[in-house]
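**Student:** A predicted structure for the sequence below; I have some questions about it.
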Amino acid sequence: MELLYITWGYPWDDAIIRAFERSGITVRQLALPAESEAEHILKQQLQNHDTDLVFSVNFFKCISHFCQQEQFPYASWVLSLPNFDLYTDAVWNPCNYIGICDSYLTEQLLKKEIRKVYFLPDAIEAPVISALDTVPLYREACFIGDYPQQTLKLHDLPLYSRGYVEAFLHAQRVLPGTYILEDGLLGRVYQDVSAVNSIPDKILPDFHKLYLADYYLAPSCTALQQTIFMQNYENIITIYSDSDFSRCRQCTKLPFPTDPSVRNRIYAEKEFTVVLAPHVLHNGIPRQTLEVIAAGGFPICAMQKDYSYFFKDGETLACFHDSAEFNRLVVAYGNDPEKREH
């Protein structure tokens, strides 16, 4: 089987390609310089080579429309959210096979009768780490944050709508796993938020609320959750994030390390790595959870529904639902090496 892999600079392209090749698939890489040139370049590639499948990380409407026109299968793996092209009519093209790392978004698209959509969580190559026994453990936690920088323009909203949105954000923070924003953002409040944040008119009407929550409210809610968490545990957390935690007086603030080897070293050195979901509105497994495990570190995670598909809480993964349970787990695992090892 020969696969045409469309590249756009995703950091883990090489690892995905290695996984395809280990499965016996021949991979050719193609970078599309611009959407306007996609059809011409793709047609040329498919005419000059024997290709069985076009593949890309994230879903692209221009590729989907071309493959639908040519009756050619197009597979995509959505690993970066929001993926704006998912909110266009291209998702209904029969040529598509769309894997999505977020189960909630997968369920929403299936409800739209888009049939070839699959829940496909993120993955990671396990690095080879030598001499891990020589790495000292410290009684401290490492907080790893990674989420979009777009924030909701709350201050520009009318007072009426701002009050409702702030209430939704607070409720969403304390009730993870529910869909307060999607269910509650209606009528006048929705119209105000849409107008202030200039949501594109091309987005399909029946996707409006999902788009709004994914693109604007999820990052704001995540930032709120993380800020409050950091204020409560500022004496034991080392922050690796681009966000503003200036009110956390005793924290060490460092930029998020983009070099995987640096991150792996951090994960292995810390006694705990606290993983908060990058999208608290939805589910999915944060990539950081898998990175910490692969590096030989110990993740302690804010509970999400999707963890239960792949892990047993308390046996193969340590999860907390609230601050009291977080404290209990830190004490329990910190004082019981055998339990940690198990």
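**Tutor:** Nice, thanks for sending it over. Numbering: from 1, shown residues only.

**Student:** Please enumerate the strands of the stretch 1-150 of the chain.
**Tutor:** Under the criterion DSSP state E, counting those that start in this stretch, the stretch 1-150 of the chain contains strands at 2-7, 26-31, 53-57, 74-78, 96-100, 117-119, 138-144.

**Student:** Contacts for the shortest one, please.
**Tutor:** Strand 117-119 is contacted by residues Val91, Tyr97, Ile98, Gly99, Ile100, Ser103, Thr106, Leu109, Leu110 when judged by Cβ atoms under 8 Å, 6 or more residues apart in numbering. C-beta coordinates here come from the backbone N, C-alpha and C atoms, glycine included.

**Student:** How about the third one, nearest residue that isn't a chain neighbour?
**Tutor:** With Cβ to Cβ, 6 or more residues apart in numbering as the measure, Val117 is the residue that lies nearest to Ile98, at 4.8 Å, once sequence neighbours are left out.

**Student:** now the last one
**Tutor:** In space, not counting the residues next to it along the chain, Leu110 is nearest to Val117; the distance is 5.6 Å by Cβ to Cβ, 6+ apart.

**Student:** Generate TSV for the strands of the stretch 1-150 of the chain, with distance to Leu185, mean neighbour count and mean pLDDT as supplementary columns.
**Tutor:** Shown next, in TSV, are those (distance: least, Cβ to Cβ, whole Å; neighbours: other Cβ atoms under 10 Å; pLDDT from 0 to 100):
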stretch	distance to Leu185	mean neighbour count	mean pLDDT
strand 2-7	34	18	94
strand 26-31	38	14	94
strand 53-57	30	21	96
strand 74-78	23	22	97
strand 96-100	22	20	97
strand 117-119	24	17	94
strand 138-144	29	18	70
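
**Student:** Tell me which of these lies nearest to Asp259.
**Tutor:** strand 138-144 (13.6 Å; Cβ to Cβ).

**Student:** Could you please name the strands the closest one pairs with and the direction of each pair?
**Tutor:** strand 237-240 (parallel), strand 270-275 (parallel) (DSSP bridges).

**Student:** Look up how far Val78 lies from the residue nearest to Leu110.
**Tutor:** 9 Å (Cβ to Cβ, to the nearest Å).

**Student:** shared neighbours, those two?
**Tutor:** Going by Cβ under 8 Å, 6+ apart, residues that sit against Val117 and also against Val78 are Ile98, Gly99, Ile100.

**Student:** Mind listing the residues bridging to the second one?
**Tutor:** Beta bridges link Gly99 to Trp77, Tyr118, judged by DSSP bridges.
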